[in-house]
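Trainee: fold the following.
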Amino acid sequence: MNKDLIVNSVRIIILILFQVLILRDINFEQNTSKYFNIIIYQLGIMLLPLNLPTFIVFLVAFFSGLIVDSFYGSIGVHASACLWMAAIRTFVLKLLEPKSGYAITQKPNSNHLGMVWFLQYSAILCFVYLFIYFTLDEFTWVYIGTIMLKTICSFAISIVLIFLIQLLINFKD
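Mentor: Have a look, this model is predicted:
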């Protein structure tokens, strides 16, 4: 279990550093930059072990979001979106559970559960995260069109990067 703790801690730290030091400063064309945000650090929360208690997942999600919030200057927005994603994670895992169930040592990645399963799992959680994030960022339903446009555009680019990171790193634990 200590190996899993170290691997997950390092993974989350690297993803948060990549998010706040590199992805935060990427600017697209001036007119479209407000619709495209690359947010991938939530992959660290998605890849937490299946047998990890929900309370620990919530703590990791909250503190990960809070750290990112401190760099983005949006205290509470990332943390809230991470908490929502962590709450939905349990339902998504039950929704996508194989007929034989999950093994105790299984991890939610493509090596253990398959590429299609991982794409469904990460797509649902990424979309939920981005929708909540942009909803809280706008803080009104008056801009629901803008919220949905930002969510869809950011989802398209973020899920591709999440998928590529999953393929490149090839988590073999």
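Trainee: output the lowest mean pLDDT helix or strand found in this protein.
Mentor: Ranked by mean pLDDT, DSSP states H and E, the weakest helix or strand in the chain is helix 110-113, scoring a mean of 77.
Trainee: tell me the buried residues in that helix?
Mentor: Residues S110, H112, L113 are the ones in helix 110-113 that count as buried (16 or more other CB atoms under 10 Å). Placement of C-beta: from N, CA and C, glycine included.
Trainee: ok, so of those, who is nearest I124?
Mentor: Nearest to I124 out of these is L113 (CB to CB; 13.9 Å).
Trainee: now the closest one. Nearest residue, chain neighbours left out?
Mentor: Computed as CB to CB, 6 or more residues apart in numbering, the closest residue to L113 that is not its neighbour in sequence is Q106, at 6.6 Å.
Trainee: gap between that neighbour and L96?
Mentor: 12 Å (CB to CB, to the nearest Å).
Trainee: how far is the lengthiest helix in the chain from where the chain is centred?
Mentor: Looking across the chain with DSSP state H, the single longest helix is helix 144-169. Relative to its chain's centre, helix 144-169 lies at 10 Å (CA atoms, centre = their mean, to the nearest Å).
Trainee: quick check: mean pLDDT across that helix?
Mentor: Averaging pLDDT along helix 144-169 yields 89.
Trainee: then stretch 15-33?
Mentor: 75.
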